[in-house]
Every structure is written in C-alpha cells, then in structure tokens.
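Trainee: Predicted structure and sequence below. I'll ask about it afterward.
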There are 4 protein chains.
Amino acid sequence: MLRVFTTGGTIDKVYFDALSAYQVGEPAAASVLAAMRVEVPYEVTQLMRKDSLEITDADREAICRAVLDAPQAKILVTHGTDTMDQTAQALQRALVARPDKSVVLTGALLPGAFRDTDAIFNLGFALGALQAMAGGVRLAMNGRLFDPAHVRKDRQAGRFVDR
Amino acid sequence: MLRVFTTGGTIDKVYFDALSAYQVGEPAAASVLAAMRVEVPYEVTQLMRKDSLEITDADREAICRAVLDAPQAKILVTHGTDTMDQTAQALQRALVARPDKSVVLTGALLPGAFRDTDAIFNLGFALGALQAMAGGVRLAMNGRLFDPAHVRKDRQAGRFVDR
Amino acid sequence: MLRVFTTGGTIDKVYFDALSAYQVGEPAAASVLAAMRVEVPYEVTQLMRKDSLEITDADREAICRAVLDAPQAKILVTHGTDTMDQTAQALQRALVARPDKSVVLTGALLPGAFRDTDAIFNLGFALGALQAMAGGVRLAMNGRLFDPAHVRKDRQAGRFVDR
Amino acid sequence: MLRVFTTGGTIDKVYFDALSAYQVGEPAAASVLAAMRVEVPYEVTQLMRKDSLEITDADREAICRAVLDAPQAKILVTHGTDTMDQTAQALQRALVARPDKSVVLTGALLPGAFRDTDAIFNLGFALGALQAMAGGVRLAMNGRLFDPAHVRKDRQAGRFVDR
C-alpha cells in the first residue's frame, strides 16, 4: 500500500480562462495514477494547494508530520520544484530515526495538463524508485534520484543538479 | 550510465495509413527519454523489431547476450507484453552469477503514439526502479515490480498479475 | 441543428491489446465534439463500423438514404479515407435535386486516439465548412475542400490531391 | 493562398517555469497548421504578442490595416478571446467596401500547449469556414460562426453567445 501526499506546485497548475491566469487545481497524481493502469493499492491525500515559493516552515512541518503519522511505509510527495529541495531536507531530518520509511518527492517543470508535461514520467519514475527502495528520502527529478543533502534546482536552466 | 535495449512490441507500434495496419516502428524509449528532460546519461540500442509473440528462443538468447556483454550495470529492456515474462525469466537465469547487474523490463499495453498510452509512465517507472535497485531482474508493469518467477500476463484482463 | 453520420475508418480505429490489432471502435466524432466545447446542437448516429475498403455499394446506398431521410439540412459524414471519394461522388449524385442540403465528408489519416492525429483538426475543418456552405457536397481533407468529382487519394503519399 | 495573422491571446500562451508564469509565446497557428497535414498554401505573420485585454485601438487599427493591405482574399486572424468581438467589429467596419475579402477570427479558451486545448479544433473550424465563405467577417468559436455584430463572450461561462 502506497500513500501519496500532494502539496500543489506546477504539476497541479491549471488555467482559468476567466482570470487568464494559472492556479493550483486538483492533484495531477490522482488522475495520472488512475489513468495509467496502476494496480498497486494507493491513497491520495491533498495536504495543501500552494506554489512551492509560498510553502512556509509551518507547512513543511505539517508535511513531515503527515509522513510520520501515515501508517504506510512508502510515501510519494508531489511538490512545487522551487523549494522541493528544502522540503526534502526537512523530511530527511524528520525521518532520521525511521529507517522503515521510504519517501520520494517529485513534481513537474511543465503543468500536468500540458501535452508535453514531464508529470506522467516523473510520477512513474518516483513510484518505481519508491517500490525498489529500502528506506530513506530521495528527490526524483530529471530522471535522477538525488540525496536531499546534495541537490539544488538550477532555476536558470530549469533542472535539478548536484551541489 | 544506463543502457536501454529495445526489442519491439506494442510500445513501439505505429500506424501505416498506406497499409491501414500497425507495424513496429522506431523505439518509443528513445523519443520519450529525449523529451522527458532525463539528465542521466543513457544509450539506446535497438536489438530487434518484433511483436513479442514472434520472439524466438534464439532472440531471447541474443537479448541475454547483449545484457551480459554490455559494460553498464543498469539495463532497461523494452519488450512486447505477451511474452515479457518469458524473457524476464531467461534474463534471471542468465544473470544468476552476476549480482552486479540490475535489469528491468517494461513495455506498454497501448502504443506509445497514443494520447493515453502507458508507455511514458512505464518507462519512468522502470527507470526509477532501476536506479534504486542493487542488482536482480524485475518486470515493471501496471505500477508494480514483479519477480520474473512469479508473474504472468492475464491477457483477458490486459494486465500483469501474480502467479 | 447538425447531423453527424459515422461509418468507421481510420478515424475511429482503436487498439486491442488482447488481439495486438486494430479495430473500428466508438466514433471519434462524438467524443471530439463533446470535448471541444461545441455549442451548436448536433446529433451523432453510427451507420456502420467499417474500414472504407470494405464499404460496399449497398453500404453507400444506405449512407445516401440516411442523408436524404435526415431532417437536418447540414450533415457531416465521417468515413475511411481509402474510398471516401467514391462515397462523396455517390452522395453528390444522390443530392443533385436537393440544393437545400449541405454535406461534408471527412476522416483521418492517423487514428483519433493518437497524440498527433489529424482527426480533431479535420472535424473542426469539416464543421466550419459545413456551416458556411449553402448547399452541395464537399470532401474535406488536408485543410482543403474538394469537389467530389475532382479528388482522389494518393495512397503512396497519404494525402488527397486534385484529379 | 491563405494569410494568417496572429496577435497573441490564450491560444499562444506558454508556461515559463523560471517565472512560474504564463507568457504569450510563438503562434500556435504556425505549429498546428504545419502538423495537421494542411496542403493549402498559407503564410503566417505575427502582428503582435498580446493578451487581448491589452489590445488598444491603435492595435486594432494595425490589424485592420494588415488585413486590407494583404494581397490574399482569405484571411485568418488568431486573437485573445476577451476582446475578440471588438476586433471582429472593427474589421467588419473596415471591410464594408471590400466584399472580395473573407476574414475569420478564432482563438482558444485553453492554451494550445494543453492536452485538451480547443486550439486545434478551432483553427480547423476557422479554416474550413474561411474556405467556404464568399466574403464577410466571422468570429469562429465554440463550433459556431458568429456575425461580429451579434456576439459577445460570456466570461462567467467561458463561451461565446448571441447578443
């Protein structure tokens, strides 16, 4: 059994014609997992609907709490990319005494509603890593698994790199 | 560095209007990995272009040979779904003395050219599992990682199940 | 009020994994018109589910009869591309004394379920022409409106040309 | 020979991850017509890159001038939806003495880069109407051809209606 926590970010952004603007909408993870013939049992919970630049320390604490309290051992967190590294680091600290838990964070550089979105691939990638992992926290972007302590987003280039 | 071997199957099927028929085309893995902003180095080699029902014992031997001879430790094999379990079992036998190698097989139930294909998700899923694995052979379909010894395709239902 | 008659063809082809083969499925016209925010009232009727190479003289007679009997003045016919010109010519003959009726035939060179299908564009194109026409029969493919008497499919090139 | 003038609007909006924001990008009309196997000759000219709420009277004058000066008889204008009716009315006034010219305006309620965009259908629809028309100006949205004098956008409902 997997648990999916969603927090918003580009992956969940939709376009509202009435405002000619983007807003965080329903979690892409829920619709993608439903459409992709995934047979492993999972439960999706939306924790918040935020751009990751708006995620506060209190929000990060709430995410860590949700992960710690979840009965599941394997947990996927979808998150905006701009501060995904910070939330990954917070989770790594929070789970230091919980080697039984595996957590993977992912998101998207293009909204899930786009034809060329990386959301579907990234959700698959994160889920594959999660099932093969035996504990620990990883940030899964650009087809790479990063240790939260050694990753940062290169905003100029729009990708995640070692640091 | 990852190695990708492609063998054909539904994932690579395209439609030829001239024939009003399907044929195995260029590997979907190559175009998907190129489009999905994957930053991990990889090399794609097309071993054959076959429906998996047409894959012979000699073909399976050639696939095992390619995997054994490849310098890479982590290898993704795309394959038709109808006999993917057999090729996975052949690879498991061939690699019994090679715990340094990780191999994941995947494919698709809908051609990669379809709007609702599972190819993009499955390739991400397989790649995520591959990077997190420390050796062994797995069949990655329906969002699950199967031991080749305990999986079969339920053709009626169009999905992979335990056996 | 528009009427849509569907007859099968590539536009409606789907892929059955169980058979590893294509078959004519539900009409693409119905799902596309529903998804594209079309506000003009329309009614979709599936007349047959055939590859256009299998459409017989009796089938063509049935299509002409359906068009003649329909209460609507504006009628869209979706059809396989291989014999679309023949059905267009039959309709042109059948409607010679009915200048009140406008009929447009269209289809697709790639199945409607494909990511890069021309089905959505072609259905829009045919519908736009239909609404602007004041009678007559036209074949609408490749972004062109053809007189049925002066069109043929170039199968080699996969497109419609003057003749 | 067709002429396409693009002015921006939702149809051309893309997403910049660096800004986590939308901007008007390259014209969708150019890429859609290129991809959709359109065989009729056409030329695409980008007149401006604006949200239609930012289009001024001077901009509208420039659009009318471009249409009047174009050597082509059939002209497609892509435009943001919020003030498309106003530009259509300006064109109708400007072309009152030019019955030789046919002009169709279209756009999209969802950006062309979205999986479920109406851009492809609307461009097909506008092009089909344009080819069947014998002069005049029409606004082509929601699968309907509107006289510019009798249309308005219902922003609440996100669609075009009679007025």
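Mentor: Done, it's in.
Trainee: quick one, what contacts the residue nearest the centre of chain A?
Mentor: What sits nearest the mean C-alpha location of chain A, by C-alpha atoms, centre = their mean, is A:T78, with 2.1 Å. Contact partners of A:T78, counting by C-beta atoms under 8 Å, 6 or more residues apart in numbering or on different chains, are A:4-7, A:9, A:11-12, A:27-29, A:105-107, A:123. C-betas here are computed from N, CA, C, even on glycine.
Trainee: Please repeat the previous calculation with a cut-off of 10 Å.
Mentor: If you count contacts by C-beta atoms under 10 Å, 6 or more residues apart in numbering or on different chains, A:T78 has them with A:4-9, A:11-12, A:27-30, A:32, A:44, A:46-47, A:84, A:104-108, A:112, A:119, A:122-123, A:126.
Trainee: same thing with A:H150?
Mentor: A:D85, A:L139, A:V161, A:D162, A:R163.
Trainee: Kindly point out the strands partnered with the lowest-mean-pLDDT helix or strand in chain A and how each is oriented relative to it.
Mentor: When the helices and strands of chain A are scored by mean pLDDT, DSSP states H and E, strand A:21-24 comes last with a mean of 76. Applying DSSP bridges to the sheet, strand A:21-24 is found paired with strand A:13-16 (antiparallel).
Trainee: State the distance from the closest residue in space to A:D154 that isn't next to it in sequence to D:G112.
Mentor: Spatial nearest neighbour of A:D154, excluding adjacent residues (C-beta to C-beta, 6 or more residues apart in numbering or on different chains): A:V161 at 5.0 Å. Distance of A:V161 to D:G112, computed by C-beta to C-beta, to the nearest Å: 31 Å.
Trainee: So for the two, which residue has more residues nearby?
Mentor: More neighbours surround D:G112 than the other of A:V161 and D:G112, with 27 against 14 (other C-beta atoms under 10 Å in any protein chain shown).
Trainee: That one contacts D:D12, doesn't it?
Mentor: Yes. With contacts counted by C-beta atoms under 10 Å, D:G112 reaches D:D12, the gap being 6.6 Å.
Trainee: Now the common contact residues for these two.
Mentor: D:G25, D:E26, D:P27, D:A28, D:A29, D:T78, D:A119.
Trainee: What is the burial count for the third one?
Mentor: Other residues near D:P27 number 24, with proximity taken as other C-beta under 10 Å.
Trainee: just the last one next, same as before
Mentor: By the measure other C-beta under 10 Å, the count of residues near D:A119 is 27.
Trainee: how much space between it and chain B?
Mentor: Distance of D:A119 to chain B, computed by C-beta to the nearest C-beta, to the nearest Å: 15 Å.
Trainee: what about that residue, distance to D:L139?
Mentor: D:A119 is 16 Å from D:L139, by C-beta to C-beta.
Trainee: Counting neighbours, which bits of stretch A:91-102 end up buried?
Mentor: A:L91, A:Q92, A:A94, A:L95, A:K101, A:S102 (16 or more other C-beta atoms under 10 Å in any protein chain shown).
Trainee: from memory A:D162 sits against A:V151, does it?
Mentor: Yes. In this structure, A:D162 is within contact of A:V151 by C-beta under 10 Å, at 6.7 Å.
Trainee: Pull up the overlap in contacts between those two.
Mentor: Common neighbours of A:D162 and A:V151 (criterion: C-beta under 10 Å, 6+ apart): A:R144.
Trainee: Which of these two has more residues huddled nearby?
Mentor: More neighbours surround A:V151 than the other of A:D162 and A:V151, with 21 against 9 (other C-beta under 10 Å).
Trainee: ok, the more buried one - contacts?
Mentor: A:84-85, A:88-89, A:138-139, A:141-142, A:144-145, A:160-163.
Trainee: Measure how far the longest strand anywhere in chain A is from the centre of its chain, please.
Mentor: Longest strand in chain A by number of residues (criterion: DSSP state E): strand A:42-50. Centroid separation for strand A:42-50 versus its chain: 10 Å, with C-alpha atoms, centre = their mean, to the nearest Å.
Trainee: Is chain B within reach of that strand?
Mentor: Yes. For strand A:42-50, a contact with chain B is found by C-beta under 10 Å from any C-beta of the partner chain, at A:Y42.
Trainee: For that strand, which residues meet the burial criterion?
Mentor: For strand A:42-50, by 16+ other C-beta under 10 Å, it's A:Y42, A:V44, A:Q46, A:L47, A:M48, A:R49, A:K50.
Trainee: Who does it pair with, and is each partner parallel or antiparallel?
Mentor: Strand A:42-50 has these strand partners (DSSP bridges): strand A:2-8 (parallel).
Trainee: Tell me which residues of stretch A:125-140 come out buried.
Mentor: Here stretch A:125-140 shows A:125-133, A:136-140 as buried, counting by 16+ other C-beta under 10 Å.
Trainee: how about the CA coordinates for stretch A:151-160, as CSV?
Mentor: C-alpha atoms of stretch A:151-160 as CSV (Å, rounded to 0.1, in the frame of the first residue of the first chain):
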residue,chain,number,x,y,z
VAL,A,151,20.7,18.7,-4.8
ARG,A,152,19.6,22.1,-5.9
LYS,A,153,17.4,23.5,-8.6
ASP,A,154,19.2,25.5,-11.3
ARG,A,155,16.4,27.9,-12.0
GLN,A,156,18.1,29.5,-15.0
ALA,A,157,18.4,26.1,-16.7
GLY,A,158,15.2,24.7,-15.3
ARG,A,159,16.6,21.5,-14.0
PHE,A,160,18.0,19.8,-10.9
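Trainee: Show the contacting residues for A:R159.
Mentor: Counting by C-beta under 10 Å, 6+ apart, A:R159 has contacts A:T81, A:L109, A:M141, A:N142, A:R144, A:K153, B:R37, B:E39, D:D17.
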